[in-house]
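[1] pasted the sequence and its predicted model underneath.
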Amino acid sequence: MDDIPCIPRIAHLLADPARATMLWALVDGTMRPAGELAYAANISAQSASAHLAKLVEGGFLSSEAQGRHRYFRIASPEVADAMESFASLSAAVRPRSPRSVLPWRSVPVQFLTARTCYDHLAGETAVKILEAMLKARWLAADGRDYAVTRLGEKRLAALEVDLAAARESRRTFARACVDLTQRRPHLGGALGAALLDLYVSKLWIQRARRSRVVSITPKGREAFRGFVGA
């Protein structure tokens, strides 16, 4: 039993709806004040403070004081990836009743099309890009991870993706992240983050200030159509 990961502790922290709601509000990678998270979870500021302290102690969140307020954010990309995976898993394991089906039809189409998952792109567009990169043999699957092929090295370098910096990151280089709405993987890890930076710098997408949804610009639509056929 000593070799079993601390799943019970993690499950205990995530079992509380308020804590889960506050974590989910931070999956986009933003830093938010305690008051805003309390409002999102529909709890008092005092209750939020206690819950947030547990999440910081548990390694899920980090915090930073700015003036009179304390701000919180997801502690690591792995936590954000896990939250997205948990949300996807909940759709797969819950009883198949009308009340239990995730209401994606009521979700704005922009959320389904393109959004951020912590620091990388998610949604239908991200899934299609990964599938196109695999089909074009820019990437090769290696279990849950991906390796960049020689062709991929050449193509990504031409797009000015800094692969060396991505590889030097302490996090996983390129990993499959099951997309919450598409139920197929998009690209996570340091390479996924580098590609999102590329899309933003080239004005292919535009971030929203208070939402995970990103807008694909006309320039981006054209680029993605030519981007390994995505």
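    Yes, it's here.
[2] helices of the chain, start to end?
    Listed in chain order, the helices of the chain (DSSP state H) span residues 7-15, 17-25, 34-41, 45-57, 77-93, 109-113, 124-135, 150-158, 163-168, 189-201, 218-226.
[3] minimum distance to Gln66: which of these has it?
    Each of the helices of the chain was scored for nearness to Gln66 using CB to CB, and the closest is helix 34-41 (11.3 Å). The way it works is simple: take the backbone N, C-alpha and C, and place the C-beta from them, glycine included.
[4] just checking the distance from that closest one to the centre of its chain.
    Centre-to-centre, helix 34-41 and its host chain are 20 Å apart (CA atoms, centre = their mean, to the nearest Å).
[5] how big is the angle separating that helix from helix 17-25?
    Going by axes from the mean of the first three to the mean of the last three CA atoms, to 10 degrees, helix 34-41 is angled at 110 degrees with respect to helix 17-25.
[6] follow-up on the earlier one: just give me the lowest mean pLDDT stretch among the helices of the chain.
    When the helices of the chain are compared on mean pLDDT, helix 77-93 scores lowest, with a mean of 69.
[7] now do the contacts for the closest residue in space to Met22 that isn't next to it in sequence.
    If the residues on either side of it in the chain are set aside, Met22 comes closest to Leu37, at 4.5 Å by CB to CB, 6 or more residues apart in numbering. By CB atoms under 8 Å, 6 or more residues apart in numbering, the contact set of Leu37 is Met22, Ala25, Leu26, Ala48, Leu52, Phe72.
[8] give me the most central residue, the chain.
    Cys117 (2.0 Å; CA atoms, centre = their mean).
[9] before we move on, back to that, so which of the contacts of Leu37 comes closest to Leu112?
    Relative to Leu112, and with distances defined as CB to CB, the nearest of the contacts of Leu37 is Ala25, at 19.2 Å.
[10] ok, now which ones touch the closest one?
    When contacts are counted by CB under 8 Å, 6+ apart, Ala25 is found next to Arg32, Glu36, Leu37, Ala40, Ala41.
[11] so what's the residue count around the second one?
    Okay, so that is Glu36. Using other CB atoms under 10 Å, Glu36 has 17 other residues around it.
[12] just give the closest residue to it, not the sequence neighbours.
    Using CB to CB, 6+ apart and skipping the chain neighbours, the partner closest in space to Glu36 is Ala25 (7.9 Å).
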